[in-house]
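Student: pasting the structure only:
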């Protein structure tokens, strides 16, 4: 096999290991899964796993990394796209919510960094900070450019993060909602209260009798 | 001492134990705290603790119970108050967010029910379901009475719960925000996107030049 094909084949096998491992970790809990379980599921031997990874905690870290890479890509993509800070925030909430419904996305919040080697734990901690800073930055930028109501960006980012990260804990692919259902509902719910000039996307909603005197719509 | 005073004195001592214990559990983690640590902090002996509690896991359960009692009271109070379902939802989000900034509130989400006796674990599980059902009910009632935009109440409740429960993890009394700051910001952020006809309480917000035709962004 030419070098490129060999590398591709190896990468694919490696990713297959991660896909299987992350599923087992999520289903049974990291500590209850052995490398034998992973190997068995893949129909390979445990020593064969060592061709790709040095140990179980490295597999855990690589699962996390695939999720984190996706987050980094999303942010880069959004930053390239421009728009108001509020628009960027909406895109990020939408994309992040969708990612949380995937296995590698869930791995960002379901595992305990204390199970990782010190070196990797640091990488995780730095990445979490980076994502957190991005949310805060969009919020601060939005207050500055007038697309977001005056608010404390740190506090507002906590409200968003808690809600989004929780998806990784409760979402099951076989539940009633698609990834897109979740992303849409969470985006509406977590961003509209922040918008300085929210627009209604829906057809006119039924009006209530005691209509409040002012504000935001109609 | 007459019976009533004796009982009151006992209740007060019991609550002092719980206040000290919950603080230690939150600061150091339940598993790292010994009954000796609790007794020492209170300037009593470990056997004296057994006058009030059968063991550490019972203390944990009683801390949780004090938080849960407060939630139950809040809900009963809100239900007595009437108003649209949206108004009740706002009150619950506000009150629950405030509670989460307290030690007993945080104990609702920071401890692992698996550390409790089976019997108590069941109580916790039932209470969590009850609270969850209340949020869903308010949301469903709001869709029905027109105060809340059409949405999937289960999904909307997940978005709220994740955000609110996360407060119990990050909030520190010495942080920049008071309990009330948190409650207000979270209420705005988690409910306005749901309101069918939300009233703006603030003075008119600065309008942007390119007012979006739809979709909250340019």
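Tutor: In hand now; what should we look at? Predicted, not measured: the structure shown is a model, and the values here were computed from it. Numbering: from 1, shown residues only, chains lettered A, B, ... in the order given.
Student: over to residue A:195: give its phi and psi.
Tutor: phi -70, psi 140 (degrees, to the nearest 10).
Student: right, and it touches residue A:148 too?
Tutor: Yes. Contact criterion C-beta atoms under 8 Å: residue A:195 and residue A:148 qualify, at 6.8 Å. Where C-beta positions appear, they are placed from N, C-alpha and C, glycine not excepted.
Student: between those two, what contacts are shared?
Tutor: residue A:86 (C-beta atoms under 8 Å, 6 or more residues apart in numbering or on different chains).
Student: which residues sit against the host helix or strand of residue A:180?
Tutor: Assigned by DSSP states H and E, residue A:180 falls within helix A:179-191. Helix A:179-191 has contacts (C-beta under 8 Å, 6+ apart) with A:86, A:89-90, A:93-95, A:97-98, A:100-102, A:159-160, A:163-164, A:167, A:171, A:177, B:149, B:151-152, B:155-156, B:159-160, B:163, B:189-190, B:193-194, B:216.
Student: low-confidence stretches in chain A?
Tutor: Applying pLDDT under 70 to chain A flags the ranges A:197-218.
Student: switch to 90 and redo it
Tutor: Scanning chain A with the threshold set as pLDDT under 90 gives A:1-12, A:82, A:173-176, A:193, A:195-218.
Student: and chain B, is the helix or strand harbouring residue A:6 touching that?
Tutor: Using DSSP H and E, residue A:6 falls within helix A:3-28. No. Helix A:3-28 lies out of reach of chain B by C-beta under 8 Å from any C-beta of the partner chain, never closer than 15.1 Å.
Student: next one: that helix to chain centre, how far?
Tutor: 20 Å (C-alpha atoms, centre = their mean, to the nearest Å).
Student: give the other helices and strands that the helix or strand following that helix contacts.
Tutor: Toward the C-terminus, helix A:3-28 is succeeded by helix A:35-42 as the next helix or strand (DSSP H and E). Identification of packing neighbours for helix A:35-42 by 3 or more C-beta pairs under 8 Å, 6 or more residues apart in numbering or on different chains; DSSP states H and E yields helix A:3-28, helix A:46-49, helix A:56-81.
Student: show me the contacts for residue A:59.
Tutor: Applying C-beta under 8 Å, 6+ apart, the residues contacting residue A:59 are A:17, A:18, A:21, A:35, A:38, A:49, A:53.
Student: tell me the one of those nearest chain B?
Tutor: residue A:21 (24.0 Å; C-beta to the nearest C-beta).
Student: the closest one is in contact with residue A:39, isn't it?
Tutor: No. Contact between residue A:21 and residue A:39 fails when scored by C-beta under 8 Å: they sit 10.0 Å apart.
Student: compare the two (neighbour count), which wins?
Tutor: residue A:21 (27 against 19; other C-beta atoms under 10 Å in any protein chain shown).
Student: how about the contacts of residue A:59, which pair is most distant?
Tutor: The most widely separated members of these, counting by C-beta to C-beta, are A:18 and A:35 (13.2 Å).
Student: so between the two, which is more surrounded?
Tutor: The residue with more neighbours, out of residue A:18 and residue A:35, is residue A:18; 23 against 16, by other C-beta under 10 Å.
Student: burial check on residue A:132, number of neighbours?
Tutor: 14.
Student: again, but for residue A:121
Tutor: 16.
Student: ok, the one 10 residues further on next?
Tutor: Using other C-beta under 10 Å, residue A:131 is surrounded by 19 other residues.
Student: packing partners of the one helix or strand it maps to?
Tutor: For residue A:131, the host element (DSSP H and E) is helix A:118-145. Where contact means 3+ C-beta pairs under 8 Å, 6+ apart, helix A:118-145 is packed against helix A:56-81, helix A:85-100, helix A:153-170.
Student: next one: it to chain centre, how far?
Tutor: With C-alpha atoms, centre = their mean, you get 13 Å for helix A:118-145.
Student: angle of that helix against helix A:56-81?
Tutor: Going by axes from the mean of the first three to the mean of the last three C-alpha atoms, to 10 degrees, helix A:118-145 is angled at 20 degrees with respect to helix A:56-81.
Student: can you mark which positions in helix A:118-145 are buried?
Tutor: A:120-121, A:123-124, A:127-128, A:131, A:134-143 (16 or more other C-beta atoms under 10 Å in any protein chain shown).
Student: repeat for stretch A:54-70
Tutor: A:56-57, A:59-68, A:70.
Student: now do stretch A:82-101
Tutor: Residues A:84-101 are the ones in stretch A:82-101 that count as buried (16+ other C-beta under 10 Å).
Student: so what's the closest residue to residue A:70 other than its chain neighbours up against?
Tutor: Leaving aside its sequence neighbours, residue A:70 sits nearest to residue A:99 (C-beta to C-beta, 6 or more residues apart in numbering or on different chains; 5.7 Å). Residue A:99 makes contact with A:67, A:70, A:71, A:74, A:105, according to C-beta under 8 Å, 6+ apart.
Student: do the same with residue A:74
Tutor: A:92, A:95, A:96, A:99.
Student: out of those, who's nearest residue B:2?
Tutor: Nearest member of the contacts of residue A:74 to residue B:2, counting by C-beta to C-beta, is residue A:96, at 60.8 Å.
Student: quick check: that closest one touching residue A:161?
Tutor: No. The pair residue A:96 / residue A:161 is not scored as a contact, 9.1 Å apart, by C-beta under 8 Å.
Student: before we move on, back to that, so which of the helices and strands packed on helix A:118-145 gets nearest residue A:5?
Tutor: When the helices and strands packed on helix A:118-145 are compared for distance to residue A:5 using C-beta to C-beta, the nearest one is helix A:56-81, at 22.1 Å.
Student: and the angle for the helix holding residue A:180 with helix A:118-145?
Tutor: Angular relation of helix A:179-191 and helix A:118-145 on a 0 to 180 degree scale: 60 degrees, by the same axes, to 10 degrees.
Student: list the buried ones in helix A:179-191?
Tutor: A:179, A:182, A:183, A:184, A:185, A:186, A:187, A:188, A:189, A:190, A:191.
Student: please apply the same query to stretch A:19-32.
Tutor: For stretch A:19-32, a neighbour-count test (16+ other C-beta under 10 Å) marks A:20, A:21, A:22, A:24, A:25, A:26, A:30 as buried.
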